[in-house]
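Participant: give me coordinates for this.
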Amino acid sequence: ALWGRSVWGTWWTWDARLTTTAILWFIYVAYLMLRAYVPDVPRAARYAAVLGIVGFLDVPIIHMSVQWWRTLHPEPTVVRPDGPQSPPEMVVTLVLASLAFGLLYVALLLIRTRLERLKDEVRYLQQESRLRGE
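Facilitator: Predicted coordinates for the structure are as follows:
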């Protein structure tokens with residue numbers, strides 16, 4: 001939707017890919033809220049896991065939405081059975097940028113996972129100490 005105004009003449013349209021991506025974004029927000037605001041750590045983890053599975057099921061729907069429904073988005077131009085339609089320079093740039101962002105994502109994910117595990121452990125220990133009356 002960031003460049004939708006210049007391409008489609010509107011900030012938002014009920015396009016299949018945009019709508020399914022928005023649904024995934026709301027699922028992700030709900031996941032983060034569950035993990036942050038449910039005080040019982042095991043229950044929060046269980047609910048968030050179910051929500052994560054639902055979100056994962058939305059990913060192939062987003063990917064296939066361009067082929068399943070009439071949509072504003074074009075069909076794939078890079079990953080195609082007959083080869084990419086884009087110029088080779090653009091494909092190389094896309095691959096290198098995707099690799100760089102992928103590595104950055106993995107690094108940040110590892111840091112965030114470690115942080116969340118520590119936060120869960122602190123919350124669990126606090127809950128245990130409250131139950132023991134300490």
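Participant: quick one: buried residues of the helix or strand of the chain with the lowest mean pLDDT?
Facilitator: Least confident element among the helices and strands of the chain, by mean pLDDT, DSSP states H and E: helix 4-8 (a mean of 75). For helix 4-8, burial by neighbour count (16 or more other CB atoms under 10 Å) applies to no residue. Quick note: C-beta positions are derived from backbone N, CA and C, even for glycine.
Participant: what's the next secondary structure element after that helix?
Facilitator: Sequence order places helix 16-37 as the next helix or strand after helix 4-8, per DSSP states H and E.
Participant: run the chain-centre distance for that following helix.
Facilitator: 8 Å (CA atoms, centre = their mean, to the nearest Å).
Participant: run through the chain and note the low-pLDDT ranges.
Facilitator: Scanning the chain with the threshold set as pLDDT under 70 gives 1, 134.
Participant: just how off-centre is the helix or strand where Arg43 lies within its chain?
Facilitator: Per DSSP H and E, Arg43 falls inside helix 41-68. Relative to its chain's centre, helix 41-68 lies at 9 Å (CA atoms, centre = their mean).
Participant: show me what the following helix or strand past that helix is packed against.
Facilitator: Per DSSP H and E, the first helix or strand lying C-terminal to helix 41-68 is helix 88-132. For helix 88-132, the packing partners by 3 or more CB pairs under 8 Å, 6 or more residues apart in numbering; DSSP states H and E come out as helix 41-68.
Participant: give the buried residues for the helix it packs on.
Facilitator: Buried residues in helix 41-68, defined by neighbour count with 16+ other CB under 10 Å: 41, 44, 47-48, 51, 55, 58, 62, 65-66.
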